[in-house]
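S.K.: I would like the atomic coordinates for the input below:
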Amino acid sequence: MYTINLKQEITSIAEFLKKTFEKTGKKNAVLAWSGGIDSTTSLFLLAKALPIKNITVLHLPFETSHEEEFADIAEMLTISPSQFHTVSIRHMVETTKANLNVEDPIRLGNVMARMRMIVIYDCAKKLDALVCGTENKTEELLGYFTRFGDAASDIEPIRHLYKAQVYALANELGVPKTFIRRSPSAELWEGQTDEGEFGFTYAEADEILFRYFEQKMSIKEIEQTGFKNAEKIIALVKRNAFKHEVPYSL
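M.R.: Below you'll find the predicted structure:
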C-alpha cells in the first residue's frame with residue numbers, strides 16, 4: 001500500500017530541494033536534528049541536494065541529548081564539527097515556565113517547540129539560510145505539531161510521505177539502524193513518546209489515514225477491514241484540522 005520507487009523518490013526530493021534553493025537564491029540550510037528518524041532522513045536528503053559545507057545542524061535538547069550519536073552521521077556525510085552545534089533549551093524553557101506559571105505538560109511541550117524554533121530561525125538569519133523542516137505526512141494529517149513551533153519551516157522534504165514510507169526511505173539512504181529503531185519522540189518531557197501520547201501506533205495510523213485520504217474509504221469501511229481505532233484516529237484529524245487553516249483572515 002505504501003510502496004514507492006525509493007531511488008526515484010530520493011532523486012525527486014533532491015531535485016525539489018535544489019530547485020527551491022535556486023529559486024530563493026539561498027545557498028545555506030539549517031536543520032534541527034533530534035536524533036530521530038525524520039530529522040535524520042531529512043538531513044541525508046538535504047546532503048544530496050546541497051554541498052555539505054552549506055548545511056548547519058542544530059541539536060536542541062531539553063532533557064536528553066543525542067550529541068555523541070551524531071558522530072556516525074557526521075562521518076558518513078563528512079559533516080565537520082564546526083557545522084554541528086548543540087544548544088540546550090533548558091534555561092529558556094525553565095525561565096518561561098516560571099514566568100508564565102506553566103504546569104500543564106502539553107503547554108510546556110509547546111513552549112519547548114517554540115523555543116527551539118527561535119534558536120533555529122535566529123541561526124538561519126545569521127547564516128542567510130533556509131530552515132529545513134522534518135515533518136512527515138502522518139504527523140501533518142494528525143495535526144501532531146505545534147503551530148509556529150516544529151511546524152515552522154521554509155522547506156519540507158518529507159511532508160508528503162507517510163511514516164512507513166520515511167522508514168523505507170531511511171533504509172534506502174543507509175541511515176544507521178540506531179535512529180531507525182528509536183521510538184519516535186518529540187522529547188517534550190522525560191519518557192515521552194509519540195505513540196504513547198496517541199494511544200495507537202504510527203503503523204496503525206498510516207493504514208487508517210491511507211485508506212481514508214487516498215482510497216476515500218469511510219470510517220465504517222475501514223473498521224470492517226480490522227482497524228478498530230479508525231473512528232478515534234479520524235476524530236483526532238478533524239479536531240486538529242483548524243491547525244491547517246490558521247491564521248484566519250477576512
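S.K.: which residues are in contact with the helix or strand of the chain with the lowest mean pLDDT?
M.R.: Taking mean pLDDT, DSSP states H and E as the measure, the chain has helix 194-198 as its least confident helix or strand, at a mean of 76. Contacts to helix 194-198, defined as Cβ atoms under 8 Å, 6 or more residues apart in numbering, come from residues Leu142, Tyr144, Ser183, Pro184, Ser185, Ala186, Thr201, Tyr202, Ala205, Leu236. In short, each C-beta sits where N, CA and C put it, glycine included.
S.K.: go through the residues you listed and say which is closest to Gly35.
M.R.: Ser185 (8.9 Å; Cβ to Cβ).
S.K.: now the closest one: closest residue in space, sequence neighbours ignored.
M.R.: Closest residue in space to Ser185, ignoring its immediate chain neighbours: Thr193 at 4.8 Å, by Cβ to Cβ, 6 or more residues apart in numbering.
S.K.: what's the burial count for the one you found?
M.R.: Neighbour count for Thr193, taken as other Cβ atoms under 10 Å: 13.
S.K.: what segments of the protein are strands?
M.R.: If DSSP state E is used as the criterion, the strands of the chain fall at 28-32, 55-59, 84-86, 129-132.
S.K.: including mean pLDDT, could those go into CSV?
M.R.: CSV is the format used below for those (pLDDT from 0 to 100):
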stretch, mean pLDDT
strand 28-32, 98
strand 55-59, 98
strand 84-86, 97
strand 129-132, 98
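S.K.: in TSV: those, plus mean neighbour count and distance to Lys18.
M.R.: Output for the strands of the chain, formatted as TSV (neighbours: other Cβ atoms under 10 Å; distance: least, Cβ to Cβ, whole Å):
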stretch	mean neighbour count	distance to Lys18
strand 28-32	23	11
strand 55-59	21	13
strand 84-86	16	23
strand 129-132	23	12
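S.K.: okay, those strands in CSV with distance to Tyr212 next?
M.R.: Formatted as CSV, the strands of the chain follow (distance: least, Cβ to Cβ, whole Å):
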stretch, distance to Tyr212
strand 28-32, 30
strand 55-59, 35
strand 84-86, 39
strand 129-132, 29
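S.K.: of those strands, which is nearest Asn229?
M.R.: Among those, strand 28-32 sits nearest to Asn229 (Cβ to Cβ), with 30.3 Å.
S.K.: tell me the angle of that closest one relative to strand 55-59?
M.R.: Angle of strand 28-32 versus strand 55-59, following axes from the mean of the first three to the mean of the last three Cα atoms, to 10 degrees, is 20 degrees.
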